[in-house]
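Asker: predicted structure and sequence below. I'll ask about it afterward.
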Amino acid sequence: MLQRKLHVRIAVSPQGARAEIAVEDGAVISQARTIEARTCSEAVDALALIAALMLDPLQAGGSLTQSAAELKTPEPSADQQVTATGEAANEPANQPASSEPPRMSAEQSGAPPATRASTLALAGSALLITGIAPSARPGFGLTARATRRFTRVTLALHAGIRAALPETQTVTDGSAALRWWSAHFNACTHTSIARGALVVLPCAAGELGALTAQGSRTEAARDSRRVWSAAGAGLGVVWQVSRRIGLFLAGEGLLPLVRDRYLLGRSVVHRVPTLTIRGELGVSVRLL
């Protein structure tokens, strides 16, 4: 009697469930079938029907054009009980060829599945920024977040703009208003915990913008605009409230590449420190 084995893989993420199934018939492994569903239970239901069709298409019946969410698990016959190890015993050697399922992948079950998914989200955040003025300044940010999931790692690129509320410093020789804005760039990896509800993002971070000091109430008042550039690292945590909405908390430590001093007469208005900090709280909305 010929024995067959089922090779099954199921991956669950916040975006849904993805499953693959293939049949080993002696030394031959069939082409893997891929199913995408909203939940793990729907993927299992779809796998059950496809497994029945692959093992005995005449007895399984049903339509393959239904969506994965609508598929129901058929009752296998007595000679077609599938064991916990994925084996189906007592199958005839001249089994008719199974019909093609709605989704197929090019990978064989013997190779790791090339599970890839790309997302694009837009995030808005409130910031607490140090290093751009003598005191910490509140600010805001707007960021585009692109994520690409590969088989073994998930990578993300964040790019956007940040700005802080201006601060006015008054010294003996007059007053100066400090204003700051910057483009920012992050390259991150993702680590999912709590069944994908929480995502931890260690990142490499950078900023490129301008820090401006505008003098007033002094002789020969003028503006001083200097390039702002900084690089460092950060860590963020995202709570996926739903498939499209996420709340995040992040922090960064950045080293300014140029440390300028801003003078008004003989008085120092501001000196850029060695280390600057960014604290961020915001919400992201998935677009794609």
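Answerer: Happy to help now that I have it. Numbering: from 1, shown residues only.
Asker: wait, residue 43 touches residue 10, no?
Answerer: Yes: contact criterion CB atoms under 8 Å: residue 43 and residue 10 qualify, at 6.0 Å. Yep, even glycine has a C-beta here, placed from its N, CA and C like the rest.
Asker: so what's in contact with those two at the same time?
Answerer: 17-19 (CB atoms under 8 Å, 6 or more residues apart in numbering).
Asker: mark which of the residues you listed are buried, thanks.
Answerer: 17-19 (16 or more other CB atoms under 10 Å).
Asker: returning to that earlier point: turn the shared contacts of residue 43 and residue 10 into a markdown table, columns for distance to residue 132, pLDDT and secondary structure.
Answerer: Converted to a markdown table, the shared contacts of residue 43 and residue 10 look like this (distance: CB to CB, whole Å; pLDDT from 0 to 100; DSSP: H, G, I helix; E, B strand; the rest coil):
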| residue | distance to residue 132 | pLDDT | secondary structure |
| --- | --- | --- | --- |
| 17 | 45 | 81 | strand |
| 18 | 45 | 83 | strand |
| 19 | 50 | 82 | strand |
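Asker: going by distance to residue 145, which of the residues you listed wins?
Answerer: The nearest member of the shared contacts of residue 43 and residue 10 to residue 145, counting by CB to CB, is residue 18 at 21.6 Å.
Asker: who's the closest one bridged to?
Answerer: On the basis of DSSP bridges, residue 18 is bridged to residue 11, residue 36.
Asker: for it, give me its contacts.
Answerer: Going by CB under 8 Å, 6+ apart, residue 18 touches 10-11, 34-37, 43, 115.
Asker: average pLDDT across the helix or strand where residue 278 lies?
Answerer: Assigned by DSSP states H and E, residue 278 falls within strand 276-286. Averaging pLDDT along strand 276-286 yields 97.
Asker: what's the answer for stretch 231-244, then?
Answerer: Stretch 231-244 comes out at a mean pLDDT of 95.
Asker: which residues sit against that stretch?
Answerer: Contacts for stretch 231-244 (CB under 8 Å, 6+ apart): 14-16, 186, 188, 196-207, 246-255, 257, 278, 280, 284-286.
Asker: between residue 43 and residue 10, tell me which one has more neighbours.
Answerer: residue 43 (25 against 15; other CB atoms under 10 Å).
Asker: mind saving the C-alpha coords of the helix or strand where the more buried one lies as PDB?
Answerer: Using DSSP H and E, residue 43 falls within helix 40-55. C-alpha atoms of helix 40-55 as PDB (Å, rounded to 0.1, in the frame of the first residue of the first chain):
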ATOM      1  CA  CYS A  40      -5.400  31.000  11.800                       C
ATOM      2  CA  SER A  41      -8.600  29.000  12.100                       C
ATOM      3  CA  GLU A  42      -9.700  30.100   8.600                       C
ATOM      4  CA  ALA A  43      -6.300  29.000   7.200                       C
ATOM      5  CA  VAL A  44      -6.700  25.600   9.000                       C
ATOM      6  CA  ASP A  45     -10.200  25.100   7.500                       C
ATOM      7  CA  ALA A  46      -8.900  25.900   4.100                       C
ATOM      8  CA  LEU A  47      -5.900  23.500   4.500                       C
ATOM      9  CA  ALA A  48      -8.300  20.700   5.500                       C
ATOM     10  CA  LEU A  49     -10.300  21.000   2.300                       C
ATOM     11  CA  ILE A  50      -7.200  21.300   0.100                       C
ATOM     12  CA  ALA A  51      -5.600  18.300   1.900                       C
ATOM     13  CA  ALA A  52      -8.800  16.300   1.200                       C
ATOM     14  CA  LEU A  53      -8.800  17.300  -2.500                       C
ATOM     15  CA  MET A  54      -5.100  16.400  -2.900                       C
ATOM     16  CA  LEU A  55      -5.600  13.000  -1.300                       C
END
